[in-house]
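S.K.: dropping a prediction and its sequence here:
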Amino acid sequence: MERLVSGIKPTGGLTLGSYIGAIKQYVELQKQYESYVFVADMHAITVPQEKDQLRKNIKDIVAIYLACGLDYNQTTIYIQSENPYHAQLSWILECNTYLGELNRMTQFKDKNQKEGNQNLTCGIYTYPVLMASDIILYDADIVPVGEDQKQHVELTRNIAERFNNKYGDTFKVPKPIIPKEGARIKDLQTPTKKMSKSDKDHRGCILLLDDETVIRKKIMSAVTDSDNKIYFDEDNKPGIANLMTIYGSLSNMTMDEVQAKFEDSNYGTFKKAVADAVVETLLPIQNKYNELINSTLIDEVLDKGAEKVTIMAREKCFVAEQRVGLGRQ
């Protein structure tokens, strides 16, 4: 069975976009792949975090993973920082990564333009190499990612291939899997940009733990257009296209099927249907989350996961160290 590796940063409440673009995929793919899903807490500290809130966010993500349907008997769930070999291998990989590659990383360039390099940490610059370590440390075959993360997997592939060519066959070269629909849910108020929990205007972002009243209000006030016709056109009707993507992803329908279903409906009717689909999806998740968040199961799952992945990673990291000449032998 091929192996899947992926993770999510605990930098705030998870969004509907996190669920559709990532967690829903993990749940479906765990039936086909040997799955390793982690909390990427080391990536979170590339920008300052309040420590108590960060720890709460870490626990919340694990509870949400389980509440959404990740089966800890099928999927290994762990916290990135509890395995020291992520960072250890990352340094070896950094020494085999070119500055030009990191300079081309879109997220770094965007942040550099917005904030200026005096406000950015070195971690913002080098974290794509840590991401590569996260993946190839476990000989991942596939990595489910959104379209905006595909560049990171391409860098990972380049690093793995370069290392193999230079030092001998050491790492598997992973492939990205990008869902055809729903990989990038957009902001409800500014539907030309990704839904983000860090956006100051919270009206455009549905959090997985938002209550039903808040969810319905956010969707009913979503920006659309004056056309009042429901068809998929991301360029000219980004708001409607985004709502169609949400509905289709949660209802397992194609955009053509969604369009056919609502071709005689107005925007109000359609938004209500979208809100119903979101609420029907999230309420059971929220109920399960509330059962889990103060249970002992979270620590039991994480202890089991940490023990398993640390043994695996130690072996792989040792091979890499031997290949580059580190250590006494």
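M.R.: Yep, that arrived. As the structure is a prediction and not an experimental result, all values here were calculated from the model.
S.K.: relative to Leu54, how far out is the residue nearest to Ile79 when sequence neighbours are not counted?
M.R.: Of all residues beyond its chain neighbours, the one nearest Ile79 is Val39 (4.9 Å), with distances taken as CB to CB, 6 or more residues apart in numbering. (Glycine included, C-beta is placed from N, CA and C.) As judged by CB to CB, to the nearest Å, Val39 and Leu54 stand 10 Å apart.
S.K.: and if you look at Ser35?
M.R.: Per CB to CB, Ser35 is found 25 Å from Leu54.
S.K.: the two - which one has more neighbours?
M.R.: Neighbours of Ser35 and Leu54, each counted by other CB atoms under 10 Å, are more numerous for Ser35; the result is 23 against 17.
S.K.: sorry, back to before: I'd assumed Pro10 was in contact with the residue nearest to Ile79.
M.R.: Yes: using CB atoms under 8 Å, Val39 is in contact with Pro10, at 5.5 Å.
S.K.: shared neighbours of the two, which are they?
M.R.: Residues within reach of Val39 and of Pro10 at once, by CB atoms under 8 Å, 6 or more residues apart in numbering, are Ile58, Ile61.
S.K.: lowest-confidence helix or strand of the protein?
M.R.: Within the chain, no helix or strand scores below helix 106-115, which has a mean of 73 by mean pLDDT, DSSP states H and E.
S.K.: report the buried residues of the helix or strand that that helix is followed by.
M.R.: Counting by DSSP states H and E, the next helix or strand C-terminal to helix 106-115 is helix 122-136. Neighbour counts over helix 122-136 (16 or more other CB atoms under 10 Å) mark 124-136 as buried.
S.K.: closest one of those to Glu257?
M.R.: Checking those against Glu257 by CB to CB gives Ile135 as the nearest, at 34.3 Å.
S.K.: any idea how far that closest one is from Asn236?
M.R.: According to CB to CB, Ile135 and Asn236 sit 37 Å apart.
S.K.: just Ile61 next, same as before
M.R.: 36 Å.
S.K.: give me the more crowded residue out of those two.
M.R.: Neighbours were counted for Ile61 and for Asn236 using other CB under 10 Å; Ile61 has more, 25 against 10.
S.K.: so the more buried one touches Gly12, yeah?
M.R.: No: Ile61 is not in contact with Gly12 according to CB under 8 Å; the separation is 10.2 Å.
S.K.: still on that earlier bit, mind giving me the packing neighbours of the least confident helix or strand of the chain?
M.R.: With contacts taken as 3 or more CB pairs under 8 Å, 6 or more residues apart in numbering; DSSP states H and E, helix 106-115 sits against helix 122-136.
S.K.: what's the angle from the helix it packs on to helix 106-115?
M.R.: Angle between the axes of helix 122-136 and helix 106-115 is 160 degrees (criterion: axes from the mean of the first three to the mean of the last three CA atoms, to 10 degrees).
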